[in-house]
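For reference, the sequence and a predicted model appear below.
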Amino acid sequence: MKKPRVLVFGGFGLNCEDETKFAFDLAGSDARIVHVNDLVVNPKKLREYKVLAFPGGFSYGDDTGSGNAYANKVRNHLWLEILRCVKRDTLVIGICNGCQILVSLGLVPALNGKFGKREVALLHNSSTKYVARWTDMKRESNTPWLAGISHISLPIAHGEGRLYASDEILNVLEKKHLIALRYEKGLVSSYSSLPINPTGTLRDIAAITNENGRILGMMPHPERALFFTQLPNWTFLKEHYERQGKKLPIYGPGFEIFKNAIKYFR
């Protein structure tokens, strides 16, 4: 069976392209990193791909706000082709800075299918600090990206991850089950005194989707949790497995998200 093709967006300041490509390829895709300027020259190239991935980083230095400059580049030069992609059976994921780009573009939550209208914002963390740590989350939506996942632990690394929206918008997100992941106390946080909600994000929201679930914007980094030995407590878990005579896992929780994208097209 032909491998699903994945386009990983590249560009100035993005720095997680290689890890994101590696994750998709490990899951069974044919992933390519394509610089945004190459897409501007040939926008129809987007039609060749089943999955679009906006990776993490600090696009254009985040000088005009996280993800804003990159989103403007996409909006000004690629918007018609992006709309064409999201209206057909394409999966889209934005991770960290990629999530900020999706929010700026109005691709999530895109209520009532109105792509392009910005309805939520990602503000500076309530601590006013850049936060890099592991977090625990529970899944709350039926997005294909999170199929088979009920709870997951992933790392975050950002300074502007505090989701903000009006109560009206937040209530709609709740009602339509567009909150994909919500921070909770779990396996990792039970071993630390760190706050469960690491950024002050409203209603503990860590990820959201559009209404059909095919577009996922998430602040945590699944590509940094591909392997069991990346877990912060893997040495403790190793002892637990060995004492029970169980084989050590190879893969970590983040790998499931990339596998789900490939399974979707098979």
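Received the coordinates, thanks. Residues are numbered from 1 along each chain as shown.

Just give me how far stretch 142-162 sits from the chain centre.
Stretch 142-162 sits 7 Å away from the centroid of its parent chain (Cα atoms, centre = their mean, to the nearest Å).

how long is that stretch end to end?
23 Å (Cα to Cα, to the nearest Å).

Check which residues of that stretch are buried.
Buried positions in stretch 142-162, judged by neighbour count with 16 or more other Cβ atoms under 10 Å: 143-147, 149, 152-162. Using the backbone N, CA and C atoms, a C-beta is placed for each residue, glycine as well.

Pass me the low-pLDDT residue ranges in the protein, would you?
Within the chain, no stretch has pLDDT under 70.

quick check: longest helix of it.
Identified as the longest helix of the chain according to DSSP state H is helix 68-87.

ok, the next helix or strand after that helix: who's next to it in the sheet?
Following helix 68-87 in sequence order, the next helix or strand is strand 91-95 (DSSP states H and E). Each strand that pairs with strand 91-95, with its direction, by DSSP bridges: strand 51-54 (parallel), strand 215-218 (parallel).

Of the buried residues of stretch 142-162, which belong to strands?
152-158, 162 (DSSP state E).

about what we covered before: just send the strands paired with strand 91-95 back as CSV, with distance to residue 35 and mean neighbour count too.
Output for the strands paired with strand 91-95, formatted as CSV (distance: least, Cβ to Cβ, whole Å; neighbours: other Cβ atoms under 10 Å):
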stretch, distance to residue 35, mean neighbour count
strand 51-54, 13, 26
strand 215-218, 22, 28
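
Indicate which one of those is closest to residue 253.
When the strands paired with strand 91-95 are compared by Cβ to Cβ, strand 215-218 sits nearest residue 253, at 12.8 Å.
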